[in-house]
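A.B. asks: Got a sequence here, can you model it:
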Amino acid sequence: MSKRMTSAALIALLCAVAAPALAQTKPAPPPGEFGNIRPPAPTSPFAKQAKSLLASKSFKVAKDALAAGYDQTVADIVTLTEIPAPPFGEAEKGKAYLAMLAKEGLTDLETDAAGNVMGLRKGTGGGGLLVVAAHLDTVFPAGTDVKVRRDGDKLYAPGVGDDTVGLASILAILRAINAAGIQTRSDILFVGDVGEEGPGDLRGMKELFLKGRYKDRIDAFISLEPSGPTVIVNGGVGSKRYKTTFKGPGGHSMGDFGTVNPAFALADAAKQFGELKVPSDPRTVYNIGLLEGGTSVNSIPFSVAMTVDMRSSGAAELKAVEDAYLAILPKAVEAENAARSTKRGPIVLDNRMVGDRPVGETPISAPFVQRIAAVGDALGKPMGYVAGSTDANIPMSLGKPAVTLGAGFVTFRAHSLEEGMEVNKARDVESIATTMAQILMAATPN
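C.D. replies: Numbers count the residues shown, from 1 in each chain. Take a look at the predicted model:
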């Protein structure tokens, strides 16, 4: 077995061990990062206020500024995309983004201990502190070619969408509200954060909310992710991730035949894991994403490992699938030790958590959510509600009002080398303006 299986080998193994299993108790919802979509709620009680905002002279000036600055926004996307930001390697992009925030007149500029960069836009008072964030990191490893390629109305590059469009939308909104002289009651802390993607395990948000100097001062939170203004992510999909390693004495495939083999223990555990039944509502899923180990085809491996991911928007459901997985592992070890010789040593288990994202929710009925939803009602485009795994998970889990909103661009093929976005000025300006209105509604409480 090679140190890391090819994609074809991994797919073949998983199909072999999981094909007989019924993976879900109901048909699966459409694929995607989000959980089940909830229908729009009744008209927000803040719809009248949202209509007044949208009709105001200052908002129209801000929207005109978005249109006038659209080319600069696209240029910002290109500039930021072409600064590599692999997991745990966001420093260079953070430095550049902090300089961009500084140009927009923010104060209290800071790079915190985790690498988050931020600046404050002071309000008139009485509205608390609102954080508006987008993440700096991408999923792509160091050395990935991130040069942006333009083909007609499309831009292509790893990371051009997720979440560079969020970073650029923050800058565009800042320029627009500054141009219009719009004041908010709330102070707004604009953040480019680290560690949102998988291996980062939300370390940027954990620093901001649990350790940093703003940890006890934040009243509400909005993150921006690639999407149009069609839904509000008000639920946080939690996840548990483990790297599970089975170790044994190893040996020659012929000379030591009959000796316990960690690959067989792993395969047994993988098969049982693939047979777990999980609910489709709340959407609950699991996956084996990495298989590693071995030294050669004619050697009994001394170590093999699998890295697994379990997700749910329900805390009880996530715990149930996690508990089921943890219960499988010692049984697989015991079965292999009973099936073959342990003369040279038994199979032992090393199971380590490598990711822990908490489940959370900001209720649809919460005034914070309803203020944001009011913009959709005012536009005649009521928004649906979904759960997703985003930076908002951390504040949600702490009981802070938090949502994730669309950054305002159409993107596609996220997390692939063909990741891209469409450039459509009229549509994009409308979308960013909607997000801007949502932020202003959240930052100007009664």
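A.B. asks: The stretch 151-300 of the chain: strands as residue ranges?
C.D. replies: 154-156, 187-193, 220-225, 231-236, 238-247, 251-252, 284-293, 299-300 (DSSP state E, counting those that start in this stretch).
A.B. asks: what packs against the fourth one?
C.D. replies: To tie it back to what came earlier, the one meant is strand 231-236. Under the contact definition 3 or more CB pairs under 8 Å, 6 or more residues apart in numbering; DSSP states H and E, strand 231-236 sits against strand 360-361, helix 367-378, strand 384-388, helix 393-397, strand 402-406. C-beta here means a position set from N, CA and C on the backbone, and glycine is covered the same way.
A.B. asks: make it 6 Å
C.D. replies: strand 384-388, strand 402-406 (3 or more CB pairs under 6 Å, 6 or more residues apart in numbering; DSSP states H and E).
A.B. asks: can you redo those strands as CSV with mean pLDDT and distance to Ser239?
C.D. replies: Converted to CSV, the helices and strands packed on strand 231-236 look like this (pLDDT from 0 to 100; distance: least, CB to CB, whole Å):
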stretch, mean pLDDT, distance to Ser239
strand 384-388, 91, 11
strand 402-406, 97, 15
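A.B. asks: ranking these by burial, who's on top?
C.D. replies: strand 402-406 (a mean of 28; mean count of other CB atoms under 10 Å).
A.B. asks: Now the element after that strand, going C-ward?
C.D. replies: Next in sequence after strand 402-406, counting helices and strands by DSSP states H and E, comes strand 411-412.
A.B. asks: what residues are up against Ser44?
C.D. replies: Going by CB atoms under 6 Å, 6 or more residues apart in numbering, Ser44 touches Gln370, Ala373, Ala374, Asp377.
A.B. asks: Can you tell me which of those residues has the most neighbours?
C.D. replies: Highest neighbour count within the contacts of Ser44, by other CB atoms under 10 Å: Ala373, with 29 neighbours.
A.B. asks: and the gap between it and Gly166?
C.D. replies: With the distance defined as CB to CB, to the nearest Å, Ala373 ends up 20 Å from Gly166.
A.B. asks: likewise Ala305?
C.D. replies: In terms of CB to CB, Ala305 sits 34 Å off from Gly166.
A.B. asks: who's more crowded, the two?
C.D. replies: Gly166 (29 against 21).
A.B. asks: Quick one: the helices in this structure, in order.
C.D. replies: 7-18, 47-55, 57-68, 70-81, 91-103, 164-180, 203-210, 262-274, 315-339, 367-378, 393-397, 425-443 (DSSP state H).
A.B. asks: now for the fifth one, which elements pack on it?
C.D. replies: Going back to what we said before, that points to helix 91-103. Checked by 3+ CB pairs under 6 Å, 6+ apart, helix 91-103 has strand 117-121 packed alongside it.
A.B. asks: hmm, 10 Å instead?
C.D. replies: Counting contacts by 3 or more CB pairs under 10 Å, 6 or more residues apart in numbering; DSSP states H and E, helix 91-103 is packed against helix 70-81, strand 107-111, strand 117-121, helix 164-180, strand 187-193.
A.B. asks: Looking at those, spot the one closest to Lys271.
C.D. replies: strand 187-193 (38.9 Å; CB to CB).
A.B. asks: to the chain's geometric centre, what's the distance from the closest one?
C.D. replies: Distance of strand 187-193 from its chain centroid, counting by CA atoms, centre = their mean, to the nearest Å, is 17 Å.
A.B. asks: With just CA atoms, put that strand into CSV.
C.D. replies: Extracted in CSV, the C-alpha atoms of strand 187-193 (Å, rounded to 0.1, in the frame of the first residue of the first chain):
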residue,chain,number,x,y,z
ASP,A,187,-19.2,49.8,15.9
ILE,A,188,-18.3,47.4,13.1
LEU,A,189,-15.2,45.3,13.3
PHE,A,190,-14.2,44.2,9.8
VAL,A,191,-12.1,41.0,9.9
GLY,A,192,-10.1,38.9,7.4
ASP,A,193,-9.8,35.7,9.4
